[in-house]
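A.B. asks: Let's see this in three dimensions:
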Amino acid sequence: GQIIGLLGAVKPFTTFLVAPLWGLIADQTQKPFVILNITFLVSLVGQLLVGVRHEALYITFMVFLTAVFNAPVKSLIDSMVMEHIP
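C.D. replies: The predicted model follows:
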């Protein structure tokens with residue numbers, strides 16, 4: 001039960017901490033589309049690798065890693081859409 005709770009808490013907590021940093025990176029580089037593609041692909045690969053091993057520490061680390069790279073995806077997409085609305 002504790003592992004499930006930990007896994008459930010890792011993504012929102014990580015996203016809360018990391019999403020603003022990705023926003024800064026996207027703003028500083030002026031390449032949000034490149035940042036979106038890189039973070040989406042790394043997150044996708046990480047999510048596919050979650051099921052490779054069954055140790056709790058490995059799964060927790062992979063959930064954390066995917067959360068770090070998945071954090072900016074929704075906000076970057078929202079930002080890109082808003083730029084095209086008159």
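
A.B. asks: just checking, what packs against the top helix by length along the chain?
C.D. replies: Longest helix of the chain, by residue count under DSSP state H: helix 2-29. Where contact means 3 or more CB pairs under 8 Å, 6 or more residues apart in numbering; DSSP states H and E, helix 2-29 is packed against helix 32-49, helix 56-70, helix 73-83. Bear in mind the C-beta positions are built from the backbone N, C-alpha and C, glycine included.

A.B. asks: Chain neighbours aside, what residue packs nearest to the most centrally placed residue in the chain?
C.D. replies: Centroid-nearest residue in the chain: Asn70, 1.6 Å away (criterion: CA atoms, centre = their mean). Nearest-residue entry for Asn70: Ser43, 4.0 Å, with adjacent residues in sequence omitted and distances by CB to CB, 6 or more residues apart in numbering.

A.B. asks: Wait, the one you found touches Val73, no?
C.D. replies: Yes. The criterion here is CB atoms under 8 Å, and Ser43 meets it with Val73 at 6.9 Å.

A.B. asks: Three-state assignment for His54, please.
C.D. replies: Of the three states, His54 takes coil under DSSP: H, G, I helix; E, B strand; the rest coil.

A.B. asks: What about it? Give its phi and psi, please.
C.D. replies: phi -110, psi 10 (degrees, to the nearest 10).

A.B. asks: and the gap between it and Gly46?
C.D. replies: Relative to Gly46, His54 is positioned 16 Å away (CB to CB, to the nearest Å).

A.B. asks: Neighbour count: these two, which is higher?
C.D. replies: Gly46 (19 against 7; other CB atoms under 10 Å).

A.B. asks: give the contact list for the more buried one.
C.D. replies: By CB atoms under 8 Å, 6 or more residues apart in numbering, Gly46 lies in contact with Met62, Leu65, Thr66, Phe69.
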